[in-house]
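Undergrad: below: sequence and its predicted model.
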Amino acid sequence: MLVELGSEISPEINRQVRSLLFGIESLALDGISELLSAYSSLLIVFDPLKISLSTVKTKVAAILESIDRFPLPEPKTVKVPVVYGDVYGPDLDWVAGYHNLQPDKVIRYHTETVFQVYMLGFTPGFPYMGELPRPIVTPRRETPRTRVPRGSVGIALKQTGIYPVESPGGWQIIGRTPLNLFDPAGSPPTLFDIGDRVVFYSISTAEYETWKA
């Protein structure tokens with residue numbers, strides 16, 4: 001069952017999505033196997049042999065009527081080191097030119113913003129974060145790359161994100177982080193959770209290579 005609470009990127013709508021998720025989790029209903037949150041919706045996967053659709057709808061409606069009684073956990077703030085430009089951020093100069101800015105100005109906009117993790121997806125642990133400052137809101141690449149290195153930091157429209165694993169991708173790549181975002185053996189397996197705050201900061205190429213080593 002897909003519950004849609006809006007149709008835009010909005011901190012308030014996403015807060016409602018997360019409150020609904022935590023509200024359903026707190027009920028520990030037998031038959032609900034998975035909850036998948038997005039920017040403005042929540043997918044509820046359930047076994048109809050254990051719980052009926054009408055029961056799920058009733059529970060969801062009750063939570064939404066008193067959603068404020070499901071307080072969200074305090075978000076953690078994650079500081080992410082990034083080496084910007086050059087081979088690590090091959091699209092930085094293009095993004096700067098698109099906005100008639102110097103590359104250093106693009107980096108300043110990116111590092112001076114506190115981003116919120118709205119959702120995880122695409123590949124395991126990929127954080128969709130927003131929102132980019134208006135001066136660097138940038139369209140996706142016209143032609144996606146077939147291989148984007150792990151740790152690449154990209155921007156697309158009002159979003160920024162990090163590729164946890166090497167994969168295809170169409171975002172504008174402006175840098176790379178040495179942090180590992182996904183460890184299937186970890187607890188939790190992902191570096192970020194929905195609702196977290198993220199602050200990027202610039203490091204040198206030497207610092208990046210030392211960190212990786």
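TA: Done, it's in. Predicted model only: the values in this text are computed from it and were never measured.
Undergrad: show me where the protein has strands.
TA: When secondary structure is read from DSSP state E, the chain shows strands at 2-4, 32-37, 41-46, 77-84, 115-120, 127-130, 145-148, 152-156, 159-162, 167-169, 172-176, 197-202.
Undergrad: would you tell me which one of these is buried the most?
TA: Ranked by mean neighbour count, the strands of the chain are led by strand 172-176 with a mean of 27 (mean count of other Cβ atoms under 10 Å). Placement of C-beta: from N, CA and C, glycine included.
Undergrad: thinking again about what came up before, dump the strands of the chain into JSON lines; add mean pLDDT as well.
TA: Listed next are the strands of the chain as JSON lines, based on pLDDT from 0 to 100:
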{"stretch": "strand 2-4", "mean pLDDT": "96"}
{"stretch": "strand 32-37", "mean pLDDT": "94"}
{"stretch": "strand 41-46", "mean pLDDT": "96"}
{"stretch": "strand 77-84", "mean pLDDT": "97"}
{"stretch": "strand 115-120", "mean pLDDT": "95"}
{"stretch": "strand 127-130", "mean pLDDT": "95"}
{"stretch": "strand 145-148", "mean pLDDT": "97"}
{"stretch": "strand 152-156", "mean pLDDT": "98"}
{"stretch": "strand 159-162", "mean pLDDT": "97"}
{"stretch": "strand 167-169", "mean pLDDT": "97"}
{"stretch": "strand 172-176", "mean pLDDT": "98"}
{"stretch": "strand 197-202", "mean pLDDT": "98"}
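Undergrad: so which of the ones you listed is nearest residue 185?
TA: With Cβ to Cβ, the closest approach to residue 185 among those belongs to strand 115-120: 17.6 Å.
Undergrad: looking at the strands of the chain, which is closest to residue 66?
TA: Across the strands of the chain, residue 66 has its closest neighbour in strand 2-4 (15.6 Å, Cβ to Cβ).
Undergrad: between the strands of the chain, which one is nearest to residue 94?
TA: Distances from residue 94 to each of these were compared by Cβ to Cβ, and the smallest falls on strand 172-176, at 6.9 Å.
Undergrad: identify the residues contacting the closest one?
TA: The list of residues contacting strand 172-176 from outside it, by Cβ atoms under 8 Å, 6 or more residues apart in numbering, reads 82-85, 88-92, 94-95, 106-107, 110, 138, 140-141, 145, 148-149, 151-156, 200, 208.
Undergrad: stretch 33-44 now?
TA: With Cβ under 8 Å, 6+ apart as the criterion, stretch 33-44 contacts 1-10, 13-14, 17-18, 20-21, 24-25, 32, 45-47, 56, 60, 118-119, 121, 128, 194.
Undergrad: just to revisit the earlier point, tabulate the strands of the chain in TSV, adding columns for distance to residue 66.
TA: Formatted as TSV, the entries for those read as follows, by distance: least, Cβ to Cβ, whole Å:
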stretch	distance to residue 66
strand 2-4	16
strand 32-37	19
strand 41-46	17
strand 77-84	29
strand 115-120	24
strand 127-130	28
strand 145-148	43
strand 152-156	36
strand 159-162	31
strand 167-169	40
strand 172-176	42
strand 197-202	27
